[in-house]
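Colleague: Only the shape, not the letters, is given here:
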């Protein structure tokens, strides 16, 4: 069977004859998956506890309709600060290597989660989330490492396993957040006498992923090998033209140049290119689709736990944090297992374009299940019919997540050369971070408006449907074949 070759995707050449799949380098790949677990673990941890945390710190002054706004703001802050720095971290990783950037990101993630658990004011929460986003350059560097340790025969297989990290974190994060929140009250016989946990009721839940991230930093430092060919040292980077311009603009004298710096004769395939080389249609279209899919996903993730926590009479489901954590954990488990066992074979059979399109289309039934769930809960309470529709909603989320593996393959194919993998991932991540910073705050704010004014009850669902339709439209621009 032959495959057409898209002339605009130089990284992933599809061979005329089917090649034997190269075995994955499991030692290094497992370490990358392990360290990637830190981000979803810490980000999803706050989902079940954020509504109650906002109520406890008193920033809403008892106004339940404002809880959604502040919850969305917490989710958005991370991505807003990340959007300002992630491209620069990704470009730096193209010069000094992926590993130093990963270590910096893990350090910032661990530090910020400890601070988040110790925060007793909304300002403290804002600062800790901002630190997380500003120091987190892990995303682009980790994705680039996966491409650099694979080839065109096993990249889809690698991306089939990559969601294990996100799904595991999405499973464990809500469970930890829902189970260990207010431990002195939940376990009075064991922890009721611990004064510190009564004064900081959210610290234990935050300390667990923070400690895990610190362990991931140690593992990465000791066992992860650098994958960037001809990566330069920090001293060499400081002496390069890239940083010399930064020194000149800042009014400082740049360090003296070194003969060790790689310049002339460097292989074109691994040489980083200027920013303008990335501003080409295939990169921008792929990055735009990544941003659209991420907007749909983050808006759903922001509204979903808020919908579950809102009282039934206000349009929600009235569940407590442990119940919300269990639902989100079930979703994370199913998503990881489905992608691990089925994505590679589905990708080989149908291709990236078909799977991605179906994934985005699943956003429509997800939105429609929310008002159906509330209507059933109003009429019959939390009976079996409500839980069946929640199951349908989770299934839609599982299928939606298939789109991320597909779009990451498109991004790898769109990069002008291997030397620009970090910058290409970084550019895409900038757009994603911008949209993810807008998505939660806008979706939860509209949700708050919807429950505040009965005549606006469907506004949030109209908004979610609009962003899904936009995502479907943008997906039509993707090429059919890589």
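Modeller: Sure thing, it's come through. Since this is a predicted model, take the numbers as computed values, not measurements. Numbers count the residues shown, from 1 in each chain.

Colleague: Touching stretch 333-347 from outside, list them.
Modeller: 156-157, 159-161, 163-164, 166-168, 170-171, 355, 394-395, 397-398, 401-402, 405-406, 409 (C-beta atoms under 8 Å, 6 or more residues apart in numbering). Quick note: C-beta positions are derived from backbone N, CA and C, even for glycine.

Colleague: Please report how far the residue nearest the centre of the chain lies from residue 212.
Modeller: Nearest residue to the geometric centre of the chain (C-alpha atoms, centre = their mean): residue 40, 6.8 Å. As defined by C-beta to C-beta, to the nearest Å, residue 40 lies at a distance of 11 Å from residue 212.

Colleague: Ok, residue 293 next?
Modeller: In terms of C-beta to C-beta, residue 293 sits 27 Å off from residue 212.

Colleague: Give me the more crowded residue out of those two.
Modeller: Taking neighbours as other C-beta atoms under 10 Å, residue 293 and residue 212 compare with residue 293 leading, 25 against 21.

Colleague: so where's the stretch 151-300 of the chain uncertain?
Modeller: Applying pLDDT under 70 to the stretch 151-300 of the chain picks out residues 229-273.

Colleague: quick one, helices of it?
Modeller: 155-161, 163-179, 183-186, 188-191, 195-199, 203-223, 234-238, 241-250, 281-309 (DSSP state H, counting those that start in this stretch).

Colleague: so what secondary structure elements neighbour the third one?
Modeller: To tie it back to what came earlier, the one meant is helix 183-186. helix 195-199 (3 or more C-beta pairs under 8 Å, 6 or more residues apart in numbering; DSSP states H and E).

Colleague: who touches the helix it packs on?
Modeller: Helix 195-199 is touched from outside by 183, 184, 191, 203, 204, with contacts defined as C-beta under 8 Å, 6+ apart.

Colleague: if we go to 6 Å?
Modeller: 183, 184, 191 (C-beta atoms under 6 Å, 6 or more residues apart in numbering).

Colleague: can I get these in a markdown table with neighbour count?
Modeller: Formatted as a markdown table, these follow (neighbours: other C-beta atoms under 10 Å):
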| residue | neighbour count |
| --- | --- |
| 183 | 20 |
| 184 | 19 |
| 191 | 17 |
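
Colleague: want to throw those residues into TSV with distance to residue 479?
Modeller: Shown next, in TSV, are these (distance: C-beta to C-beta, whole Å):
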residue	distance to residue 479
183	52
184	56
191	56
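
Colleague: Find the helix or strand that residue 437 is a member of.
Modeller: For residue 437, the host element (DSSP states H and E) is helix 421-452.

Colleague: okay, the angle between that helix and helix 281-309?
Modeller: 30 degrees (axes from the mean of the first three to the mean of the last three C-alpha atoms, to 10 degrees).

Colleague: after helix 421-452, next one along is what?
Modeller: helix 459-475.

Colleague: Now that next one: buried residues?
Modeller: The neighbour-count check on helix 459-475 (16 or more other C-beta atoms under 10 Å) flags 460, 461, 463, 464, 465, 467, 468, 471, 472, 474, 475 as buried.

Colleague: same check, this time on stretch 100-109
Modeller: 100, 101, 102, 103, 104, 105, 106, 108, 109.

Colleague: List the residues that contact residue 190.
Modeller: By C-beta under 6 Å, 6+ apart, no residues touch residue 190.

Colleague: do residue 303 as well
Modeller: Applying C-beta under 6 Å, 6+ apart to residue 303 gives the contacts 443, 447.

Colleague: Okay, now the unreliable bits of the stretch 301-450 of the chain?
Modeller: If you take pLDDT under 70 as the line, the stretch 301-450 of the chain has these spans: 419.

Colleague: Helices along that one, start to end?
Modeller: Under DSSP H, counting those that start in this stretch, the stretch 301-450 of the chain gives helices at 321-338, 344-361, 363-380, 384-414, 421-452.

Colleague: how about the ones you listed, which one is nearest residue 66?
Modeller: helix 421-452 (6.4 Å; C-beta to C-beta).

Colleague: Between helix 363-380 and that closest one, find me the angle.
Modeller: Going by the same axes, to 10 degrees, helix 421-452 makes 30 degrees with helix 363-380.

Colleague: Mind listing what's buried along helix 421-452?
Modeller: Those would be 421-452, for helix 421-452 by 16+ other C-beta under 10 Å.

Colleague: by how many degrees do it and helix 459-475 diverge?
Modeller: 150 degrees.

Colleague: tell me what helix 421-452 is packed against?
Modeller: helix 67-96, helix 138-148, helix 281-309, helix 459-475 (3 or more C-beta pairs under 6 Å, 6 or more residues apart in numbering; DSSP states H and E).

Colleague: Out of these, which is closest to residue 20?
Modeller: helix 138-148 (19.6 Å).

Colleague: Point out the other helices and strands that the closest one packs with.
Modeller: helix 26-36, helix 98-118, helix 421-452.
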